[in-house]
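J.: Following is a predicted model, sequence given first.
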Amino acid sequence: MSLFEQMGLRALRGMDPERAHNAALLGLRAGVVPLPGLVTSPRLRCEVAGLHLANPVGLAAGFDKNAVALSPLSRAGFGFVEVGAVTPRAQPGNPKPRLFRLTEDRAVINRFGFNNEGMEAAAGRLANRPRDMVLGLNLGANKDSADRAEDFARVLSHCGRHLDFATVNVSSPNTEKLRDLQGAEALRQLLAGVMAARDGLDRQIPVFLKIAPDLSDGELAEVAGVAQEAGVAAIIATNTTLDREGVHGPHKAEAGGLSGAPLFEKSTRVLAKLSELTGGEVPLIGVGGVGSPEQAYEKIRAGASAVQLYSALVYEGLSLVPRIAWGLDNLLERDGFGNVAEAVGTGRGDWT
C-alpha cells in the first residue's frame, strides 16, 4: 500500500462512514486514486457462466449503487464489476445513520435499504459504460412496491441491453420481508418473470441469484433446486448476515446486515454446501469476508469459480484488488494448478 493510499484511508476513516463512502466514489471519479489497469495471467484467466474474465476477483454490489464510477472501476484490477442494487423508482432508503464500521472486527454493518436513483438514471450511465469490462447489475425491488417480484423483471428489461450479467437480489436483510422471496414457490415465480424479461432482450445475458448466509440446509437445498430448474447461470453466496456471533465493539447491536471478516467462515460453509448440493453443475461466486489471497483461494477451493469483495476495501483500499489477484496466481502456481478452474472445489471437504 502506497503512502498516498495510507493517508487517504486515514482521512476517510476520520469521516462518518456514509460520507466517507461518497468521498471515495468522488475521488475515483476525479482520477486521484492510482489504478493498476488490467490484472491477468494464464492462470488467472477464467470463464464463469459464459463470461470471460481476466481474473476471478470481482467487485460486489453496493459499492457503486448508481453506476457513477464505471470508467475508473474498469481500471481498478477487477475481473468483473457488479453495480447496484437498482430499483424501478428512485428511493431514499432507510433513515441515517445506516452504515457502521466495526474496526476491531474488520467488518461493516449496513441498513441502507436499497437507496438508489432508480433504473432511468442507471440506464443512462450504463449505456456509456466502458466496453472492456465485464459488468453486471444487481436488481432490486422498491420497498413500497405492490409487486416486488415484477420489479426485478422491470429493471432487467430496462437496463439489460447494457449489461453482461444481472443478479436477482432477494437476500438483502434491509428491505422488510424481501428475504421471504427466497421461499421456493415465491422464488420460482419471481425467477420465471426475470427469465421471461431476459428472453425478451436482444442479447440473452446470464442471470445470477444472490442468496443469504442465514438459510438452513433444507432452505438452501430448496433454493438450489429452484435456481437450477429456472436456468439460473450462477449463484452468488452470500449476502450479508443477521448473525452477530463473535462480533465486538460498540456498533455490534446495530440493525442491518453484517459483512467483512466475521462472515468469512459462515459464508464459506454455505458456499461449500451449495457446491455439494449442485454437484458443481452451477457456477458459484464466493462472497463474504474475502480480504486476502489466501481467503480468495479458500473460497475457490470450497467451490467458487470466482469471488467478490467489498468490505475489505474499507480497511485496505483498492490496492487490495491486485494484491489478491497476484497472490492468488502465486498460490495456484505453488499448488500445481494451471488455472483457476482446476482448483475449484478441491478443498470442499474441508468445509462440509
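T.: Now that the structure is in, tell me what you want to look at.

J.: for the protein, what helix or strand is lowest in average pLDDT?
T.: Every helix and strand of the chain was ranked by mean pLDDT, DSSP states H and E. The lowest is helix 3-13, at a mean of 89.

J.: got the buried residues for the helix or strand that comes right after that helix?
T.: The helix or strand immediately downstream of helix 3-13 is helix 17-30, counting by DSSP states H and E. For helix 17-30, the neighbour count (16 or more other Cβ atoms under 10 Å) marks 17-18, 20-21, 24-25, 27-29 as buried. For the C-beta atoms, the positions are set from N, CA and C on the backbone; glycine is no exception.

J.: ditto for stretch 94-101
T.: Buried-residue list, stretch 94-101, by 16+ other Cβ under 10 Å: 94, 98-101.

J.: Make CSV out of those and add secondary structure and distance to Phe165.
T.: Below are the buried residues of stretch 94-101 laid out as CSV (DSSP: H, G, I helix; E, B strand; the rest coil; distance: Cβ to Cβ, whole Å):
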residue, secondary structure, distance to Phe165
Asn94, coil, 27
Arg98, coil, 28
Leu99, strand, 26
Phe100, strand, 30
Arg101, strand, 30
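
J.: quick check, nearest of those residues to Phe4?
T.: Ranked by distance to Phe4 (Cβ to Cβ), the buried residues of stretch 94-101 are led by Arg101 at 21.4 Å.

J.: for that closest one, what are its contacts?
T.: The neighbours of Arg101, taking Cβ atoms under 8 Å, 6 or more residues apart in numbering as the test, are 13, 17, 107-108, 251, 314.

J.: now swap in Val340 and tell me
T.: Contacts of Val340 by Cβ under 8 Å, 6+ apart are 43-46, 56, 300, 305-306, 328, 332.

J.: Dihedrals phi and psi, it?
T.: Here is the backbone geometry of Val340 (degrees, to the nearest 10): phi -60, psi -40.

J.: all helices of the protein, in order?
T.: 3-13, 17-30, 70-73, 119-126, 148-159, 184-199, 217-230, 264-278, 293-302, 311-316, 320-334, 340-343 (DSSP state H).

J.: Report how many residues lie close to Ser41.
T.: 15 (other Cβ atoms under 10 Å).

J.: Spit out the contact partners of the residue lying closest to it once chain neighbours are set aside.
T.: Ranked by Cβ to Cβ, 6 or more residues apart in numbering and with sequence neighbours excluded, the top spatial neighbour of Ser41 is Asp329, at 5.2 Å. Residues in contact with Asp329, defined by Cβ under 8 Å, 6+ apart, are 41, 43-44.

J.: Looking at those residues, which is nearest Lys65?
T.: Lowest distance from Lys65 to those (Cβ to Cβ) belongs to Leu44, with 27.7 Å.

J.: pLDDT score assigned to that closest one?
T.: Confidence at Leu44, expressed as pLDDT, is 98.

J.: swap in Gly280?
T.: Gly280 carries a pLDDT value of 88.

J.: For Thr268, see how far away Leu26 is.
T.: Distance, Leu26 to Thr268, using Cβ to Cβ, to the nearest Å: 34 Å.

J.: do Gly183 as well
T.: With distances taken as Cβ to Cβ, Gly183 is found 24 Å from Thr268.

J.: which one of those two has more residues nearby?
T.: Remark: of Gly183 and Thr268, Thr268 carries more neighbours, 28 against 15, as counted by other Cβ under 10 Å.

J.: Now for His162, how many residues are close by?
T.: 18.

J.: Next one: it relative to Phe337, how far apart?
T.: Using Cβ to Cβ, we find His162 at a distance of 35 Å from Phe337.

J.: Tell me the confidence at the nearest residue to Glu104 once chain neighbours are set aside?
T.: Among residues not flanking Glu104 along the chain, Gly249 sits closest, at 4.7 Å (Cβ to Cβ, 6+ apart). Gly249 is assigned 83 on the pLDDT scale.

J.: again, but for Glu176
T.: 60.

J.: Show me which strand runs longest in the chain.
T.: Secondary structure assigned by DSSP state E gives strand 80-86 as the longest strand of the chain.

J.: Using CSV, write out every CA atom in that strand.
T.: Taking Å, rounded to 0.1, in the frame of the first residue of the first chain, the C-alpha atoms of strand 80-86 are listed here in CSV:
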residue,chain,number,x,y,z
PHE,A,80,-15.7,-8.2,-13.2
VAL,A,81,-17.8,-5.4,-11.6
GLU,A,82,-21.3,-5.6,-10.2
VAL,A,83,-23.1,-2.3,-9.6
GLY,A,84,-26.5,-1.5,-7.9
ALA,A,85,-28.8,-2.6,-6.4
VAL,A,86,-31.1,-0.6,-8.7
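
J.: Appreciated, that's everything.
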